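In: Could you look at this predicted model? Sequence included:
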Amino acid sequence: MEDQGYGYKEEDINEIVKRYEMMRINNENYFFDVAEFETIIDYYLELNDVSYAFEAAESASKQHPKSSSIQLRKAKVLIDKGRPVDALKITRFLERIEPSNYEVFLLKGAALGMLGDLNGTRKNFDKALSVDDTEEINILLNITGILNDLNHYDLLTTYLERLLTLEPEFTAHLYDLAYAYEKLGDNRNSIKYYRKYIEEEPFSDNAWYNLGLLYTKEGIIKKALDAYEYAIAVNPDNFFAIFNMANIFSKEGKYKEALEAYLHYLQFEEESTEAMTYAAECYHKTGEKDKAFKMYNDAIELDPDFSEPWYGIGLLLLNDQPEKSMKYLRKAVSLKETEPEYWYYLAEAYYKCAKVKESFRALIQSININPYYDHAWFKIGKLIIEGGYYNHAACILEKGMKVIGDVYGLRYILASTYLFSGENELFRKHFEKVLVDSSVNFEFYSTLFPDEMIDKKTQRLIKKITKE
């Protein structure tokens, strides 16, 4: 049996801890020397039992008030308890009597890091490295562990880079760097280090998976799919990679491939209502409406409060059975009132059922949530034109612009209402401004401005600006 700390064997440590715990139970005061108390405190810290470690540190401080090693451990326990200010008081005292003890500066740096003083953290960590260059790797490992726990990734990368130069053969440093840069949102560097890690550890499905996530964020879809495929090849049970591949296929409009991947994922996560809903959407897109309806209903049965399958059935029924569609979309809206698309398609259902006022109200709800939702503004414009509500609508839209600001969709609709009401000067005022400010959106709204109603001067302006 190996010795553990101060020459103590495991059985000796257990005996010391047992005697200490007897003291606690009996509420008595036994004597322990400094080495024994250090062993007791370390024992509880290794168990992550901070409360017991703190009690032991307090008892040790009373018996050995001048022991710097006990105070050092007490400072560590205080940091673990989330009391950096108290820990700082101890470290400031210790650095005066033990200026060459790197552990003092590590703890002081950790305490300052908890308080958000990163400049102080860096200074103390650098001090720890300078006072004992024989322990550089060990000190760096401590520093990177502290910074990782505190989520100070910007500072972490600096020390990880230094650690990597000292231990280039230790591939875990590459992974840690990739992860730290990922947390910082520095996708380029994160990708670089994941790729370096994979060169050394090609069978890490987690690294391939993370690389897939980063390529997806960067919009490099082919490489993202390749990375996920490698992750699955290494570990066929990496169902997160399967799910993300399915999402990519779906966004790319490859619904058959997406469906296959979602169904594969459901073999691992049978009760994933999210995957069921997305698979149902793929069935809908590939024309298998009966299967889509069944899978949507299976998702609803598992989780009636999940809004997306209700919304999915609403879309499924929208064209052929708008009355039924309306019921499902109302349910979706009741479960998630902040989704503008739900309100928009509820408005479509109302419109198909000749409920124009209800449709208009639903569209207003949609743009209240997202004032830049062009589809809702366009539909509002269509309703205004079809219903002939030009004069009344113009007044409301002018007030709306004062409330929500110069939203392009709103100004296009306002210009259209003035065009149809014959208010040519007001039409030109709003139309020319929005055309200059948002010419890229004109094509979307162009049907609200019939060519036969536009004078030649304005037509020339449209051609000039949209061509530019």
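Out: Received it, and whenever you're ready, just let me know what you need.
In: next structured bit after the top helix by length along the chain?
Out: Ordering each helix of the chain by length in residues (DSSP state H) puts helix 10-26 first. Counting by DSSP states H and E, the next helix or strand C-terminal to helix 10-26 is helix 34-46.
In: average pLDDT for the very next helix or strand once past that following helix?
Out: Sequence-wise, the next helix or strand downstream of helix 34-46 (DSSP H and E) is helix 50-63. What helix 50-63 shows for mean pLDDT is 91.
In: which other helices and strands contact helix 50-63?
Out: For helix 50-63, the packing partners by 3 or more C-beta pairs under 8 Å, 6 or more residues apart in numbering; DSSP states H and E come out as helix 34-46, helix 68-80. Every C-beta, even on glycine, is put in place using the N, C-alpha and C of the backbone.
In: TSV for those helices, including distance to Tyr228 and mean neighbour count?
Out: Listed next are these as TSV, based on distance: least, C-beta to C-beta, whole Å; neighbours: other C-beta atoms under 10 Å:
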stretch	distance to Tyr228	mean neighbour count
helix 34-46	39	19
helix 68-80	39	22
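In: Let's have those in JSON lines, adding distance to Asp303 and mean pLDDT.
Out: Output for these, formatted as JSON lines (distance: least, C-beta to C-beta, whole Å; pLDDT from 0 to 100):
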{"stretch": "helix 34-46", "distance to Asp303": "42", "mean pLDDT": "91"}
{"stretch": "helix 68-80", "distance to Asp303": "39", "mean pLDDT": "93"}
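In: Which of the ones you listed sits closest to Tyr328?
Out: helix 68-80 (52.3 Å; C-beta to C-beta).
In: quick one, the helix or strand just after that closest one and helix 50-63 angle?
Out: Using DSSP H and E, the helix or strand that directly follows helix 68-80 along the chain is helix 84-97. In terms of direction (axes from the mean of the first three to the mean of the last three C-alpha atoms, to 10 degrees), helix 84-97 departs from helix 50-63 by 40 degrees.
In: ok, now how distant is Gln421 from Asp406?
Out: No, residue 421 isn't Gln; it's Ser. Plainly put, Ser421 is 21 Å away from Asp406 if you go by C-beta to C-beta, to the nearest Å.
In: Look at those two and report which has more neighbours.
Out: Taking neighbours as other C-beta atoms under 10 Å, Ser421 and Asp406 compare with Ser421 leading, 18 against 12.
In: for Ile364, helix, strand, or coil?
Out: Counting by DSSP: H, G, I helix; E, B strand; the rest coil, the backbone at Ile364 sits in helix.
In: Model confidence score at the closest residue to it other than its chain neighbours, please.
Out: Of all residues not flanking Ile364 in the chain, Ile380 sits nearest, at 7.7 Å (C-beta to C-beta, 6 or more residues apart in numbering). pLDDT for Ile380: 92.
In: Isn't Ile380 up against Asn368?
Out: No: using C-beta atoms under 8 Å as the test, Ile380 is too far from Asn368 to be in contact (11.9 Å).
In: And the residue nearest to Arg73 when sequence neighbours are not counted, how close does it get to Phe32?
Out: What sits nearest to Arg73 in space, not counting adjacent residues and going by C-beta to C-beta, 6+ apart, is Ile41, at 4.7 Å. Distance, Ile41 to Phe32, by C-beta to C-beta: 10 Å.
In: what about Gly409, how many neighbours?
Out: Gly409 has 24 nearby residues by other C-beta under 10 Å.
In: what's the answer for the one 5 residues further on, then?
Out: In terms of burial, Leu414 registers 26 neighbours under the definition other C-beta under 10 Å.
In: Look up which helix or strand it falls in, please.
Out: Counting by DSSP H and E, Leu414 is part of helix 408-421.
In: and the helix or strand just after that helix, what does it pack onto?
Out: Once the chain leaves helix 408-421, the next helix or strand it forms, by DSSP H and E, is helix 424-437. Packing partners of helix 424-437 (3+ C-beta pairs under 8 Å, 6+ apart): helix 408-421, helix 456-467.
In: Distance from the shortest one to the middle of the chain?
Out: It stands for helix 456-467. 44 Å (C-alpha atoms, centre = their mean, to the nearest Å).
In: do stretch 56-71 as well
Out: With C-alpha atoms, centre = their mean, you get 44 Å for stretch 56-71.
In: CA atoms of that stretch as PDB?
Out: C-alpha atoms of stretch 56-71 as PDB (Å, rounded to 0.1, in the frame of the first residue of the first chain):
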ATOM      1  CA  ALA A  56     -11.600  21.200  10.300                       C
ATOM      2  CA  ALA A  57      -9.800  24.300   9.100                       C
ATOM      3  CA  GLU A  58     -11.400  26.300  11.900                       C
ATOM      4  CA  SER A  59     -10.500  23.700  14.500                       C
ATOM      5  CA  ALA A  60      -6.900  23.600  13.100                       C
ATOM      6  CA  SER A  61      -6.600  27.400  13.200                       C
ATOM      7  CA  LYS A  62      -7.500  27.400  16.900                       C
ATOM      8  CA  GLN A  63      -5.000  24.700  17.800                       C
ATOM      9  CA  HIS A  64      -2.300  26.000  15.500                       C
ATOM     10  CA  PRO A  65      -2.900  29.800  14.900                       C
ATOM     11  CA  LYS A  66       0.600  30.400  13.700                       C
ATOM     12  CA  SER A  67       0.700  27.600  11.100                       C
ATOM     13  CA  SER A  68       0.900  29.100   7.600                       C
ATOM     14  CA  SER A  69       0.100  25.700   6.000                       C
ATOM     15  CA  ILE A  70      -3.100  25.500   8.000                       C
ATOM     16  CA  GLN A  71      -4.000  29.100   7.000                       C
END
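In: what does it contact?
Out: For stretch 56-71, contacts defined as C-beta atoms under 8 Å, 6 or more residues apart in numbering pick out 20, 31-32, 34, 37-38, 40-41, 44, 73-74, 77, 90, 93-94, 97-98, 101.
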